[in-house]
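Enquirer: Sequence and predicted model, in that order:
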Amino acid sequence: MMRPIIEFCSSNTSTEDVMPRLEENPEYDVVEYGCLNNCGQCYAQPYAMVNGEIVAADSPEALYEAIIAKIKEAEAWESLDID
């Protein structure tokens, strides 16, 4: 299975409690960049990119839950991948 890549923008301060929680899981690659070029999104609400897709929520806790759900969804799709 592919390790999920979770990217954060350092300017989106509402995610500062979410990132360390995800970093605790050694199965996740958590990366912080100075900018993810989604300034409108960054200003409006907590968000991250999971495997290149925007995941956003109304609160940091909801974002954490949405990220976990997105990772589980990707894992489910990977398990269905038939060669």
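Expert: The structure has been received and is ready for your questions.
Enquirer: is it fair to say residue 7 lies in a strand?
Expert: Yes - counting by DSSP: H, G, I helix; E, B strand; the rest coil, residue 7 is part of a strand.
Enquirer: which non-adjacent residue is nearest it?
Expert: Of all residues not flanking residue 7 in the chain, residue 49 sits nearest, at 4.2 Å (CB to CB, 6 or more residues apart in numbering). Backbone N, C-alpha and C define where each C-beta goes, glycine included.
Enquirer: Touching, the one you found and residue 4? I think so.
Expert: No - the pair residue 49 / residue 4 is not scored as a contact, 10.6 Å apart, by CB atoms under 8 Å.
Enquirer: which parts of the worst-scoring helix or strand of the chain on mean pLDDT are buried?
Expert: Ranked by mean pLDDT, DSSP states H and E, the weakest helix or strand in the chain is helix 39-44, scoring a mean of 75. By neighbour count with 16 or more other CB atoms under 10 Å, helix 39-44 contains the buried residues 41, 42.
Enquirer: Other residues contacting it?
Expert: Defining contact as CB atoms under 8 Å, 6 or more residues apart in numbering, one finds that helix 39-44 is touched by 9, 11, 12, 36, 47, 54, 56.
Enquirer: Let's see if you can find the most crowded of those.
Expert: Neighbour counts for the contacts of helix 39-44, by other CB atoms under 10 Å, peak at residue 12, which reaches 26 neighbours.
Enquirer: Grab the nearest non-local neighbour of that one.
Expert: Closest to residue 12 by CB to CB, 6+ apart is residue 42, at 4.5 Å.
Enquirer: distance of the one you found from residue 7?
Expert: 12 Å (CB to CB, to the nearest Å).
Enquirer: ok and the lengthiest helix in the chain relative to strand 5-9, angle-wise?
Expert: Looking across the chain with DSSP state H, the single longest helix is helix 60-80. Interaxial angle, helix 60-80 versus strand 5-9 (axes from the mean of the first three to the mean of the last three CA atoms, to 10 degrees): 150 degrees.
Enquirer: Output helix 60-80 as CSV, nothing but the C-alphas.
Expert: The C-alpha trace of helix 60-80 is given here as CSV (Å, rounded to 0.1, in the frame of the first residue of the first chain):
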residue,chain,number,x,y,z
PRO,A,60,-9.3,21.7,13.1
GLU,A,61,-11.0,18.6,14.7
ALA,A,62,-13.3,18.2,11.7
LEU,A,63,-10.3,18.5,9.4
TYR,A,64,-8.4,15.7,11.3
GLU,A,65,-11.4,13.4,11.0
ALA,A,66,-11.8,14.3,7.3
ILE,A,67,-8.1,13.5,6.6
ILE,A,68,-8.4,10.1,8.3
ALA,A,69,-11.6,9.4,6.3
LYS,A,70,-9.8,10.4,3.1
ILE,A,71,-6.9,8.1,3.9
LYS,A,72,-9.2,5.2,4.7
GLU,A,73,-11.1,5.8,1.4
ALA,A,74,-7.9,5.7,-0.5
GLU,A,75,-6.8,2.5,1.2
ALA,A,76,-10.2,0.9,0.4
TRP,A,77,-9.8,1.8,-3.3
GLU,A,78,-6.2,0.5,-3.3
SER,A,79,-7.4,-2.8,-1.9
LEU,A,80,-9.8,-3.1,-4.8
